[in-house]
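Asks: I would like the atomic coordinates for the input below:
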Amino acid sequence: MIFLVERDLPGATLEQLAAAQKAAIMAGKELTAKGRAVRYIRSTFVPGEGRCMCLFEAETADLVREANELAKLPFVRIVPAEDLTPL
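Replies: Down below sits the predicted model:
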């Protein structure tokens, strides 16, 4: 399943966003290596609103929550989503 992780990151710099992305990727890889598959897909940041929406793939929202907590990344909510990226 795909999950959207919504974050409020007012004033975030590109360097901070890049570090957060790397942390999300690494947390997913660490959990996956332990048999708890979580994959970071991508993020979209809206600088004017300080909002960031990140997509993850996992079996449950709890796994996505665990990955974000492991990466020490703040989030407002985690909800199921549909990724409509054209193939």
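Asks: residues near P74, how many?
Replies: Other residues lying near P74 total 12 when counted by other C-beta atoms under 10 Å. C-betas here are computed from N, CA, C, even on glycine.
Asks: check contacts around it.
Replies: R7, D8, L9 (C-beta atoms under 8 Å, 6 or more residues apart in numbering).
Asks: which residues does the last one contact?
Replies: Pointing back at L9 there. Q16, L17, A20, F45, G50, R51, C52, P74.
Asks: In ChimeraX, how would I select the buried members of those?
Replies: To isolate the buried ones among the contacts of L9 in ChimeraX, judged by 16 or more other C-beta atoms under 10 Å, type:
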select :17,20,45,51,52
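Asks: what about the residue lying closest to F56 once chain neighbours are set aside, helix or strand, and which?
Replies: For F56, ignoring the flanking residues on the chain, the nearest one in space by C-beta to C-beta, 6 or more residues apart in numbering is V64 at 4.6 Å. Using DSSP states H and E, V64 sits within helix 61-70.
Asks: any idea which helix is longest in the protein?
Replies: Ranked by residue count, the top helix of the chain under DSSP state H comes out as helix 14-33.
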